[in-house]
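**Q** sequence unknown, structure follows:
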């Protein structure tokens, strides 16, 4: 693969974190976690929103796995850029 193609792939992989975060992570996990945090901060009863430790831990685990995807995108971009600079 040519260095140009590797640089293009790196250029596309690294900023792909932004749309992934806004389009996939935000509605899937971030909004739910923020709603739970706001409810607890506002003093809303746990029974009203069914907020319990197990539910929060489950959402945090989901967020963690989604965050690995973001890290993978940045890591892939860095690796492709490094390979392109060595090949060039």
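**A** Nice, I can see it. Given the structure is predicted, the values throughout are model-derived calculations rather than measurements.

**Q** Centroid-nearest residue for the chain?
**A** Nearest residue to the geometric centre of the chain (CA atoms, centre = their mean): residue 67, 3.5 Å.

**Q** any idea how far that residue lies from residue 12?
**A** Counting by CB to CB, to the nearest Å, the gap from residue 67 to residue 12 is 20 Å. In short, each C-beta sits where N, CA and C put it, glycine included.

**Q** do the same with residue 33
**A** According to CB to CB, residue 33 and residue 12 sit 29 Å apart.

**Q** ok, now residue 23?
**A** 16 Å.

**Q** Name the residue in those two with the higher neighbour count.
**A** Shown here are residue 23 and residue 12; by other CB atoms under 10 Å, residue 12 has more neighbours (13 against 10).

**Q** Spatially nearest residue to that one (excluding sequence neighbours)?
**A** Nearest non-adjacent residue to residue 12, counting by CB to CB, 6 or more residues apart in numbering: residue 77, 7.9 Å away.

**Q** That neighbour: neighbour count?
**A** When neighbours are counted by other CB under 10 Å, residue 77 comes out with 19.

**Q** Repeat that for the one 10 residues further on.
**A** Residue 87 has 12 neighbouring residues, counting by other CB under 10 Å.

**Q** close enough to count as contact, it and residue 3?
**A** Yes - counting by CB atoms under 8 Å, residue 87 touches residue 3, with 5.0 Å between them.

**Q** Now do the residue nearest to the centre of the chain against residue 17, distance only.
**A** 10 Å.

**Q** same check, this time on residue 11
**A** Residue 11 sits 13 Å away from residue 17, going by CB to CB.

**Q** Also residue 52?
**A** As judged by CB to CB, residue 52 and residue 17 stand 31 Å apart.

**Q** Just to check, residue 3 is in contact with residue 84?
**A** Yes - Residue 3 lies in contact with residue 84 (CB under 8 Å); the separation is 4.4 Å.

**Q** Give me the more crowded residue out of those two.
**A** residue 84 (20 against 14).

**Q** Identify the residue spatially nearest to the more buried one, adjacent ones excluded.
**A** Using CB to CB, 6+ apart, the closest residue to residue 84 is residue 6 (3.5 Å).
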